[in-house]
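Asker: Just the structure for this:
(3 chains)
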Amino acid sequence: MFAPGERVRVKDQWPEQHGPVHIRTPYYVRGVEGEVVRHLGDFANPEDLAFARPAAKLPLYHVRFRKDRIWPEKQPDDELLIEIFGHWLEKP
Amino acid sequence: MDKEAKRAMHDLGGASKFMCEPVDIEPHGLTEFDREVDALRGVLGAKGVMTVDELRRAIESIPEADYLRLSYYRKWIRSITANLLTRGVITEAELRAELEKA
Amino acid sequence: MDLLETDGERLLTAVRALLERKGVVSAAEIAERRAATDNASPGQGAKMVAKAWLEPDFKALMLADGTKAAEALDIPMRGMPPLGVLEQTPEVHNLVVCTLCSCYPRAVLGYPPFWYKSAAYRARAIRDPRELLASEWKTVVPDSVKLRVVDSTADYRWMVLPMRPTGTEGWDAARLASIVREGDMIGVTVPSA
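Answerer: So this is what the prediction gives:
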């Protein structure tokens, strides 16, 4: 579990390169460091639901990223706020 | 951005090929077809026949050229049909037979 | 020929006939579902916004639990994804997008706009939002205001609570609701009196 304010990094993993998957972690944020804003609740893993497999309920977080860690060319202070499942996050 | 080379076809955030494309902000109305497909999807979801996740996954496996060309709800009906076939709710034979009637 | 490449209208007709014959869905259920979805519209969201502008307690509820706030206005939310609400402030301007598909608070606002589902919006909103807002909607977010792009990637559906514009002092709920447009609740525009 991650706490509000905690720094996290999105795993730099690319499961779509290894077979059919359904991933809800956008490519642009993989490997990027951000900050947990809050725990949104626990929800069934869409990666399994998409294949009609039994799906465990996993924690979902709202995570904030500075824009300049992703697209630094303009407005570095702007930010992105993205829902990311806990199994995609690790300590930086 | 190197990561862009690894993105799945539908994972469009910041995709360079679309950064200069204008957004058509006209309020295009929905057709009968659109509303019926939308409602069908909703009922199938509510009755536990097919989840929205399965809908999305099958849409994501549409070949890129078709994904970009087909209208929103044409992608939906294609996905719904694929899922119904995969789940065995309908068979290919049944579908072919039904299509031949029209 | 790949069955799935059949024309969409023909597929719909055939699939519906099969499903109805098998008792999987009925025409009545589809009609009912369609009526419920047609009932939702930006007007519902506008009512929520107007009430939030007039009642601080409702605004607090809306920000803390959007689903409960919608239900308080008799918007049916049972079985619907949870609603999250983000407020525009003098410091932060929120913009909602679903880069992966088209997730949208349909239960409150109804069908998403055509442009929201487009590849161009999904690509541009997350990467160059200020340019997008200015060029397509003539909405300029000042440099002193942080722009936060909210990508709807999972179970929540997000709507924006716009700031109440000046010049609306003394207005009642109906009049306030009348100036709140669909785009204001996504973040591509801001309301004015």
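Asker: how about the helices in chain B?
Answerer: With DSSP state H as the criterion, chain B has helices at B:32-46, B:52-60, B:64-69, B:72-86, B:92-101.
Asker: and of these, who's closest to chain A?
Answerer: helix B:52-60 (3.8 Å; Cβ to the nearest Cβ). Placement of C-beta: from N, CA and C, glycine included.
Asker: Give me the contact list for the closest one.
Answerer: A:22, A:46, A:49-52, B:8-10, B:41, B:45, B:67, B:75-76, B:78-80, B:82-83, B:86, C:100-101 (Cβ atoms under 8 Å, 6 or more residues apart in numbering or on different chains).
Asker: where along chain A do the helices fall?
Answerer: A:46-49.
Asker: how about the residues of it that lie near chain C?
Answerer: Neighbours of chain C within chain A, by Cβ under 8 Å from any Cβ of the partner chain: A:24-26, A:28, A:40-41, A:43, A:46, A:60, A:64, A:71, A:74-75, A:77-85.
Asker: how about 6 Å then?
Answerer: Remark: the part of chain A in contact with chain C comprises A:Arg24, A:Pro26, A:Phe43, A:Leu60, A:Trp71, A:Asp77, A:Asp78, A:Glu79, A:Leu80, A:Leu81, A:Ile82, A:Glu83, using Cβ under 6 Å from any Cβ of the partner chain.
Asker: can you tell me which two in those are farthest apart?
Answerer: Farthest pair in the residues of chain A next to chain C (Cβ to Cβ) is A:Phe43 and A:Asp77. Separation: 30.8 Å.
Asker: Run through the residues of chain B sitting next to chain A.
Answerer: Going by Cβ under 6 Å from any Cβ, the residues of chain B near chain A are B:Lys3, B:Lys6, B:Arg7, B:Ala8, B:Asp11, B:Gly13, B:Gly14, B:Thr51, B:Asp53, B:Glu54, B:Arg57.
Asker: Go again with 10 Å.
Answerer: Proximity of chain B to chain A (Cβ under 10 Å from any Cβ of the partner chain) is limited to residues B:1, B:3-9, B:11-15, B:50-58, B:60-61, B:83, B:86-87.
Asker: what about the residue lying closest to B:Leu85 once chain neighbours are set aside, distance to B:Ile62?
Answerer: Leaving aside its sequence neighbours, B:Leu85 sits nearest to B:Glu92 (Cβ to Cβ, 6 or more residues apart in numbering or on different chains; 6.3 Å). Distance, B:Glu92 to B:Ile62, using Cβ to Cβ, to the nearest Å: 18 Å.
Asker: Among these two, which residue is more densely surrounded?
Answerer: Shown here are B:Glu92 and B:Ile62; by other Cβ atoms under 10 Å in any protein chain shown, B:Ile62 has more neighbours (21 against 9).
Asker: rewinding a little: please say which of A:Phe43 and A:Asp77 ends up with more neighbours.
Answerer: When neighbours are counted by other Cβ under 10 Å, A:Phe43 and A:Asp77 differ, and A:Phe43 comes out ahead with 20 against 10.
Asker: The more buried one: what's its closest spatial neighbour, skipping adjacent residues?
Answerer: Leaving aside its chain neighbours, A:Phe43 sits nearest to C:Asp155 (4.5 Å; criterion: Cβ to Cβ, 6+ apart).
Asker: Wait, a strand at the one you found?
Answerer: No: counting by DSSP: H, G, I helix; E, B strand; the rest coil, C:Asp155 is not found in a strand; it is coil.
Asker: Test my guess that it contacts A:Leu40.
Answerer: Yes: in terms of Cβ atoms under 10 Å, C:Asp155 counts as a neighbour of A:Leu40; the distance is 7.5 Å.
Asker: Residues that sit against both of these two, list them.
Answerer: A:Leu60, A:Glu83, A:Phe85, C:Pro82, C:Gly84 (Cβ atoms under 10 Å, 6 or more residues apart in numbering or on different chains).
Asker: For the last one, list the residues it contacts.
Answerer: By Cβ under 10 Å, 6+ apart, C:Gly84 lies in contact with A:40, A:62, A:83, C:62-63, C:65-67, C:96, C:105, C:150, C:152, C:155-159.
Asker: mind checking the SS state of it?
Answerer: Going by three-state DSSP: C:Gly84 is strand.
Asker: so what's it bridging to?
Answerer: C:Trp158 (DSSP bridges).
Asker: Now that we're looking at it, what pLDDT does it have?
Answerer: At C:Gly84, the pLDDT value in this model is 98.
Asker: Which SSE is immediately downstream of the worst-scoring helix or strand of chain C on mean pLDDT?
Answerer: Least confident element among the helices and strands of chain C, by mean pLDDT, DSSP states H and E: helix C:27-39 (a mean of 94). The helix or strand immediately downstream of helix C:27-39 is helix C:42-54, counting by DSSP states H and E.
Asker: tell me which residues of that following helix are tucked away?
Answerer: Buried positions in helix C:42-54, judged by neighbour count with 16 or more other Cβ atoms under 10 Å in any protein chain shown: C:Pro42, C:Gln44, C:Gly45, C:Ala46, C:Lys47, C:Met48, C:Val49, C:Ala50, C:Lys51, C:Ala52, C:Trp53.
Asker: Go through the residues of chain A next to chain C and flag which are in strands.
Answerer: A:Phe43, A:Leu60, A:Glu79, A:Leu80, A:Leu81, A:Ile82, A:Glu83 (DSSP state E).
Asker: Relative to chain A, which residue of chain C is the closest?
Answerer: Taking Cβ to the nearest Cβ, chain C has C:Ala154 as its residue nearest chain A, at 3.7 Å.
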